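Engineer: Quick one, what's the 3D model for this:
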Amino acid sequence: MYPETAYEITTQTPRPADYPAYLPAPEGPVMLPSEIPPGVQMVTLPGGIRTLAYTQPTAPPAPLVPVVQPIPAWAKTTALLTPTIGGGIAAAGIGLSYAAPGLIAMSDALWSAVALIAAAAVGVPVLLRLGRAATGTGRGATHITQNITASGMFGKANGTINHR
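Structural biologist: Alright, predicted model coming up:
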């Protein structure tokens, strides 16, 4: 299957006294871990066989270069609207500070109007009673009598009014 190698691969036979207990039992001649040269490691092949092999030194991972990403549209819109909204709030605050004396005067005027309405609701009926009592019209009522006569369904109506 594979061509013959130009040299013979040999291994050293294990020495039972020096063999570490944490390694699996050897199936044949085995090298001790202290005898393994630098760059050689124990590897497991896809078939499950464990063997020594030269391995490539792992290159350190390349540093991650941040990728420049575009700014989302919502962030641009928000950044553009922020000064506008802040300016509007500032203008509203300044306007309220200028309007505060007028607002205080209007609230005083509204309380005065409420007091006037309450006084009118109580005072007007009292004044009307006093005015009727002073003129004497409050004692007797005027009586009006009407007499209406008509002849026929579509006849002309005649009437008289009597004041007493």
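
Engineer: Compute the distance between Gly93 and Ile104, please.
Structural biologist: 17 Å (Cβ to Cβ, to the nearest Å). Yep, even glycine has a C-beta here, placed from its N, CA and C like the rest.

Engineer: Sorry, slip of the keys, the one I care about is Gly86.
Structural biologist: Gly86 is 27 Å from Ile104, by Cβ to Cβ.

Engineer: Neighbours of Leu52, how many?
Structural biologist: By other Cβ atoms under 10 Å, 15 other residues sit near Leu52.

Engineer: List the residues that contact the closest residue to it other than its chain neighbours.
Structural biologist: Excluding the flanking residues, the one nearest Leu52 by Cβ to Cβ, 6 or more residues apart in numbering is Val40, at 5.3 Å. Contacts for Val40 were tallied using Cβ atoms under 8 Å, 6 or more residues apart in numbering; they are 52-55.

Engineer: go on, Thr51?
Structural biologist: Contacts of Thr51 (Cβ under 8 Å, 6+ apart): 42-43, 45.

Engineer: With that, I have no additional questions.
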